[in-house]
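S.K.: The sequence isn't on hand, but the structure is:
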């Protein structure tokens, strides 16, 4: 199936238009240089109706990413937040993925965007589990990518920018070509960085470990959500550089991300983690996460924005 099987409308420069009418010139700056920033959000069909998880945080990060690249989004944050709600409503979706993007359009083809206009779009469409329903339930098999994550000293990794994902594309393409579900990038120092679109956590002796921006990772919103949950559950979280050896010796490993949610990792380079079984702490956090996003936790209702 394709996106138009589910969605007929898209928000584009402050108007909701037909999906097929959302067009940009092939000589637009962003097409040639990847000069855009974007976000990924999920809307869940809760008992109270469809609700977007952490809408405010995602749109705030969109503007922070734009600021890093001096992309001046021509709309206030509240307009983009409302656009996310409106496009879900217009497409009559319950469970869906939402993609806001701001990018340089058509004017000049030099690397300096000069007078290129900034276009903004928000699309919504159905998208199942990013690493598959089976992977989400039973865990995924990953490999260490031969490609290195770019250094934060070269490209600002805390910005979610379009062109940066060519690095991720190389990693996941290599993984898929070799029979794995996903690739894991190491940073320029040889420490663990992240997946092609996920942050990573390890569990060892009841404690949770994850890395930070020194490893050139995107500071994920789902990552922070899990860290917050651990605090609520009195599970110690240690933020440090992670070595490949620590990863392979872990009791449990899991990915986090908006699209990936909480996905267990059961093997790395064909080395089994926890006998290829989903660990107890991973299961606990995954269950808590799904209860929150599905609106089943009264104490976390502030993280949801209801469509109706």
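M.R.: That came through fine. These numbers come from a predicted model, not from an experiment.

S.K.: which intervals of the stretch 1-150 of the chain have sub-threshold pLDDT?
M.R.: Across the stretch 1-150 of the chain, residues meeting the criterion (pLDDT under 70) sit at 1.

S.K.: what about the strands in it?
M.R.: 9-12, 15-18, 36-38, 41-46, 49-53, 96-104, 118-125, 140-148 (DSSP state E, counting those that start in this stretch).

S.K.: looking just at contacts, which helices and strands does the second one meet?
M.R.: Contact here means 3 or more C-beta pairs under 8 Å, 6 or more residues apart in numbering; DSSP states H and E; on that basis strand 15-18 packs against strand 9-12, helix 77-90. Yep, even glycine has a C-beta here, placed from its N, CA and C like the rest.

S.K.: can I get these in CSV with mean neighbour count and distance to residue 257?
M.R.: As requested, the helices and strands packed on strand 15-18 are exported to CSV (neighbours: other C-beta atoms under 10 Å; distance: least, C-beta to C-beta, whole Å):
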stretch, mean neighbour count, distance to residue 257
strand 9-12, 22, 23
helix 77-90, 19, 18
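
S.K.: who wins for proximity to residue 297 among these?
M.R.: With C-beta to C-beta as the criterion, residue 297 lies closest to helix 77-90 of the helices and strands packed on strand 15-18, at 21.3 Å.

S.K.: so who does the residue nearest to residue 308 when sequence neighbours are not counted touch?
M.R.: Nearest residue to residue 308 in three dimensions, chain neighbours excluded: residue 49, at 5.0 Å (C-beta to C-beta, 6 or more residues apart in numbering). Residue 49 makes contacts with 306-308, as judged by C-beta atoms under 8 Å, 6 or more residues apart in numbering.

S.K.: circling back to that earlier point, I'd like to know which of the helices and strands packed on strand 15-18 is closest to residue 228.
M.R.: helix 77-90 (21.1 Å).

S.K.: Show the secondary-structure elements that the closest one is packed against.
M.R.: strand 9-12, strand 15-18, strand 49-53, helix 55-68, strand 96-104, strand 118-125.

S.K.: now the angle between strand 49-53 and that helix, please.
M.R.: Taking axes from the mean of the first three to the mean of the last three C-alpha atoms, to 10 degrees, one finds helix 77-90 and strand 49-53 inclined to each other by 140 degrees.

S.K.: From the rest of the structure, what touches helix 77-90?
M.R.: For helix 77-90, contacts defined as C-beta under 8 Å, 6+ apart pick out 9-11, 14, 16, 41, 43, 50, 52, 55-56, 59-60, 62-63, 73, 96, 98, 100, 120, 122-124, 305, 307-308.

S.K.: Likewise for stretch 127-141?
M.R.: Outside stretch 127-141, the residues that reach it (C-beta under 8 Å, 6+ apart) are 96-97, 180-182, 197, 255, 257, 259-261, 263-268, 270, 276-278.

S.K.: ok, of the contacts of residue 49, which one's closest to residue 108?
M.R.: Nearest to residue 108, judged by C-beta to C-beta, of these is residue 307 at 39.3 Å.
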